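>>> sequence first, then the predicted structure:
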Amino acid sequence: MISPLGLASLRGTALVLALGCAMLAGCASLGVGGEPIEVQLVSLTPLPSTAFEHRLRVDLRLRNPNNRAYQIEGLRFLLDVNGLRLASGVSSESATLPRLGEVVVPVTTTTSLLDLVNQIIAFGQQPQPQFSYDLRGKLFLAGLWGSLPFEREGSDKDLIPRRPSN
């Protein structure tokens with residue numbers, strides 16, 4: 001037989017477990033565990049640079065397939081081109097990613113002279129000039145929601161608009 005003190009302890013444990021389950025279900029209903037945010041490289045634009053440090057503006061399109069808006073408070077990423085590191089970037093710019101919508105976020109990045117030289121050499125060794133990219137990083141969310149990782153692979157075919165064939 002369970003003592004009254006043990007029964008009260010058992011009820012308290014059951015209540016804590018029930019509250020924990022309810023909180024987890026609440027987080028799931030807010031869309032925290034939804035589909036991943038799609039991040040796509042839109043453009044690379046050279047900015048004024050020095051001999052040893054080159055700056056680029058990288059425009060990233062964030063696409064939200066979820067039925068919940070996200071308040072983005074910043075991001076960080078690494079960009080590899082043709083298997084070699086080209087640039088890394090961080091931004092503390094805020095953006096609202098609407099539910100079932102998209103937003104373009106500009107980020108100023110830096111790359112070293114060595115990274116650029118490696119890219120030029122690799123590009124020059126290709127029989128048919130083309131490039132592929134690997135973009136990976138994190139989106140930092142407002143409040144207690146933390147961050148969302150992202151990864152995207154693509155190629156020059158994603159960036160160059162194609163003319164319709166007749």
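Everything's here; your move.

>>> residues near the closest residue in space to Val39 that isn't next to it in sequence, how many?
Nearest residue to Val39 in three dimensions, chain neighbours excluded: Phe150, at 4.3 Å (CB to CB, 6 or more residues apart in numbering). For every residue, glycine as well, the C-beta is placed using N, CA and C. The burial count assigned to Phe150 is 19, neighbours taken as other CB atoms under 10 Å.

>>> surely Phe150 and Val105 touch.
No: counting by CB atoms under 8 Å, Phe150 stays clear of Val105, with 11.8 Å between them.

>>> can I see the domain layout of this structure?
Here the domain parsing of the chain from automatic domain parsing is 1-30, 35-159.

>>> worst mean pLDDT among those domains?
Lowest mean pLDDT of those: domain 1-30, a mean of 46.

>>> tell me the SS of Lys157?
helix (DSSP: H, G, I helix; E, B strand; the rest coil).

>>> check Val103 too.
Applying three-state DSSP: Val103 is strand.

>>> swap in Gln119?
Going by three-state DSSP: Gln119 is helix.

>>> list the contacts of it.
Contact partners of Gln119, counting by CB atoms under 8 Å, 6 or more residues apart in numbering, are Val81, Asn82, Leu84, Leu86.

>>> for Val42, same thing?
Asp59, Leu60, Arg61, Val104, Leu159 are the contacts of Val42 under CB under 8 Å, 6+ apart.

>>> list buried residues within the residues you listed.
Leu60 (16 or more other CB atoms under 10 Å).

>>> quick one: which of the contacts of Val42 is nearest Ser132?
Of all these, the one with the least separation from Ser132 (CB to CB) is Leu159, at 10.9 Å.

>>> so which residues of this protein form strands?
Here the chain has its strands, by DSSP state E, at 38-47, 53-63, 70-81, 84-91, 95-97, 102-112, 132-141, 147-155.
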